[in-house]
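Visitor: Return a 3D structure for these sequence lines:
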Amino acid sequence: MTAFMKLSIFNLICLIVIGILLFLCKKFIKERRTHDLILKTTSILVILIHYSAVYVEFFQNQGVAYASASYILPVYPCHIMMWLLVIVAFTRHKKSRFFEGLAEFVFVVGTLAALIGALFNMNFLNSSNPTFTNYFLFKGVFGHMVMFFGTTYLFVFEYVKPRVEKTMISVIVGLLFFVADGIIINTLYAKFDIPPVNAMFLLEPPFEDYPFINFFTIGSIGLILCFIGLLIYEHITLPKAEQWITKISTKSNKQDEDLTTDKTN
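Guide: Down below sits the predicted model:
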């Protein structure tokens, strides 16, 4: 069985379990306080899973562990998203615009990052002996799936209510933060003469065989898909009068009418 097939089967099982857990939570848990507790617990669990590899190596290697860049700095998108999920979970004022924007970004980009990190986990696929009995490979995939549960939880339990205009702004601002983070980390590595870490994949594509798949193409395509997805979501869930495309059309027609009136006068 190929590494990709092993990975696919494991992720399929995880997705089924996540779907069942979300359904059960939706059906039986009604108190907001309990929902908040589950979200907080999930966000902390993601962090613990991520750093657990250091402790496992420490005890397996006679008290010596190697802490790579991913344990010290927010090198890749998922490293940022897991901490942002914690901030979202523990933010007390969940009606503020700050929370709404951050939660929208975590839901949209965090969900995508978690799925990509799990379905196309580079450590697992590039391993000479890919097996889930290897804790370091297991935690890398499983941790992304736990984060996926947390980010989708935000949507299922209405911590976020996506809308085209405000959600797109949240996502764009978040992606600009990714760029700033990558530039800062890559600059620090160059400044201190450390071998490049390729933070946020700004220096080179994540997959050597597919050079056209880089941060900017992924970001651009992601924004387009996000915009289309939000249009479809609004079309399905909102009355026509409340949909962004209707508001834009109405506003455009109003401007045309005003312009015609001005010319007539």
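Visitor: so after the helix or strand containing Val173, what's the next helix or strand?
Guide: Using DSSP states H and E, Val173 falls within helix 164-191. The helix or strand immediately downstream of helix 164-191 is helix 215-237, counting by DSSP H and E.
Visitor: what's the average pLDDT for stretch 86-97?
Guide: In this model, stretch 86-97 has an average pLDDT of 93.
Visitor: could you pull out the helices for the stretch 51-200 of the chain?
Guide: 77-90, 97-105, 111-119, 122-125, 135-156, 164-191 (DSSP state H, counting those that start in this stretch).
Visitor: which one of those helices lies closest to Phe216?
Guide: helix 164-191 (9.2 Å; Cβ to Cβ). In this view, the C-beta of every residue, glycine as well, is placed from N, C-alpha and C.
Visitor: Now do that closest one: which elements does it pack against?
Guide: Packing contacts for helix 164-191, counted by 3 or more Cβ pairs under 8 Å, 6 or more residues apart in numbering; DSSP states H and E, involve helix 77-90, helix 97-105, helix 215-237, helix 244-264.
Visitor: Quick one: distance of the third one to the chain centre.
Guide: Here the centre of helix 215-237 is set off from its chain's centre by 14 Å, with Cα atoms, centre = their mean, to the nearest Å.
Visitor: so what does it touch, helix or strand wise?
Guide: By 3+ Cβ pairs under 8 Å, 6+ apart, helix 215-237 packs against helix 164-191, helix 244-264.
Visitor: Redo the ones you listed as CSV? Include mean pLDDT and mean neighbour count.
Guide: What follows is the helices and strands packed on helix 215-237, written out as CSV (pLDDT from 0 to 100; neighbours: other Cβ atoms under 10 Å):
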stretch, mean pLDDT, mean neighbour count
helix 164-191, 95, 17
helix 244-264, 70, 11
